[in-house]
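Asks: any chance you can model this:
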Amino acid sequence: MISDDDLYRLAIFLGSAAMILIVLYHYIEVNTEDTEVANAKATAKTRGQSTPVGKQGTATK
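Replies: The predicted structure follows:
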């Protein structure tokens with residue numbers, strides 16, 4: 001049977017691993033570009049446009 005000390009060490013290890021994975025996930029999520037935006041930038045560069053499609057100003061006066 002598992003002792004209290006073993007259970008304590010297991011809980012600390014699994015909790016720490018979960019927190020590291022959560023922080024890693026958020027770091028990756030924040031620093032990735034959306035596929036649609038990346039494709040629009042690549043298309044704009046190949047067509048010689050100055051701004052990506054869908055990002056043009058729509059200011060009305």
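Asks: residue 40: how many residues sit nearby?
Replies: 17 (other CB atoms under 10 Å). Glycine gets a C-beta too; all of them are placed from N, C-alpha and C.
Asks: that one and residue 18: what is the separation?
Replies: As judged by CB to CB, to the nearest Å, residue 40 and residue 18 stand 36 Å apart.
Asks: show me what the lengthiest helix in the chain is packed up against.
Replies: Longest helix in the chain by number of residues, with DSSP state H as the criterion: helix 4-30. Contact here means 3 or more CB pairs under 8 Å, 6 or more residues apart in numbering; DSSP states H and E; on that basis helix 4-30 packs against no helix or strand.
Asks: in terms of pLDDT, where does residue 39 sit?
Replies: What the model reports as pLDDT for residue 39 is 76.
Asks: and it, how far from residue 28?
Replies: Taking CB to CB, one finds residue 39 at 20 Å from residue 28.
Asks: so these two - more neighbours on which side?
Replies: Using other CB under 10 Å as the criterion, residue 39 and residue 28 rank with residue 39 on top: 13 against 9.
Asks: quick check: phi and psi on that one?
Replies: With angles defined as degrees, to the nearest 10, residue 39 sits at phi -70, psi -40.
Asks: in this structure, where is pLDDT below threshold?
Replies: Low-confidence segments of the chain (pLDDT under 70): 48-61.
Asks: which residue is nearest the middle of it?
Replies: residue 29 (0.7 Å; CA atoms, centre = their mean).
Asks: for that residue, list the residues it contacts.
Replies: For residue 29, no residue meets the contact criterion (CB atoms under 8 Å, 6 or more residues apart in numbering).
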